[in-house]
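*Asks:* whatever this is, show me its structure:
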Amino acid sequence: MSELGKVIWITGLSGSGKSTLAKEVKKKFCERSELVVVLDGDEMREVLGSVASGAENHSRESRLSLALRYSKLCKLISSQGITVIIATISMFEEVHSWNRKNLPEYIEIYLKVPLEVLKNRNSKNIYSLFEEGKISHIAGLDVGVDEPLQPDYIFEYEPGRNAEDIANTLWNDWA
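*Replies:* Modelled structure (predicted):
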C-alpha cells in the first residue's frame, strides 16, 4: 500500500482567501509532480450537501454534519497516497478534533481576516446581502463558528501579503 497523503485543511471565514491559497499550494505540489487534489467548500456543498437556502440547510448542525463528511472524504482520498488540499469554512472544534485524531498527515491552516476587511472585499456579495437583510445563516455572522484552537499555521491579515507569499512561506517550512 502506498504512503499516506497529507490533508491540508485551509479554514477561515468567507472571503478570507482559502480557495486562492489552495490553488497556490497545489502549484507547489504539481511542480514536484506529486499527486494532489483540491477540494473547495463551495463545490463540495454542491456534491455532498444541499445548496438550497434556509435554516435547515445552513444551520450550525447541518454545516457541522457536512464538514464531518468532508473530513471523511479527505481521509479516504489521502489513504490512497494523494495529498488533499481542502478550502472550507468548516470552523467547528468537533471537526478539527476529529481531523487531528483520524488524519495522520493533517496540517491545519487558519486564515484570520478581520470581519471589516472581509466586508470590504465582499467577494461573493455575501456580507452586503446579509447587511441588507436579503440572506441569513452566514458563518461567522448569525451562525456561530469556532476559531481553531490549535492550527499548525495562523496567517493573520496583513495588507499587501498575497496567497503566493503565504504558499511560499508554507512550502519553505515543509521542504
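*Asks:* I figured residue 74 hits residue 102, correct?
*Replies:* No: here residue 74 does not reach residue 102: they are 9.3 Å apart, not a contact under Cβ atoms under 8 Å. In this view, the C-beta of every residue, glycine as well, is placed from N, C-alpha and C.
*Asks:* give me the more crowded residue out of the two.
*Replies:* Between residue 74 and residue 102, counted using other Cβ atoms under 10 Å, the more crowded position is residue 74 (26 against 13).
*Asks:* for the more buried one, give me its contacts.
*Replies:* Counting by Cβ atoms under 8 Å, 6 or more residues apart in numbering, residue 74 makes contact with 7, 9, 39, 84, 86, 99, 103.
*Asks:* restricted to strands, list those residues.
*Replies:* When strands are assigned by DSSP state E, the members of the contacts of residue 74 inside them are 7, 9, 39, 84, 86.
*Asks:* next structured bit after the lengthiest strand in the chain?
*Replies:* In the chain, ranked by residue count with DSSP E as the criterion, the top strand is strand 106-112. Using DSSP states H and E, the helix or strand that follows strand 106-112 in sequence is helix 115-121.
*Asks:* what are the C-alpha coordinates of that next one, in PDB please?
*Replies:* Listed in PDB are the C-alpha atoms of helix 115-121, where the atom choice follows Å, rounded to 0.1, in the frame of the first residue of the first chain:
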ATOM      1  CA  LEU A 115     -14.600  41.000   9.600                       C
ATOM      2  CA  GLU A 116     -14.300  44.600   8.400                       C
ATOM      3  CA  VAL A 117     -11.700  43.500   5.800                       C
ATOM      4  CA  LEU A 118     -14.000  40.700   4.600                       C
ATOM      5  CA  LYS A 119     -16.900  43.000   4.300                       C
ATOM      6  CA  ASN A 120     -14.800  45.400   2.200                       C
ATOM      7  CA  ARG A 121     -13.700  42.500   0.000                       C
END
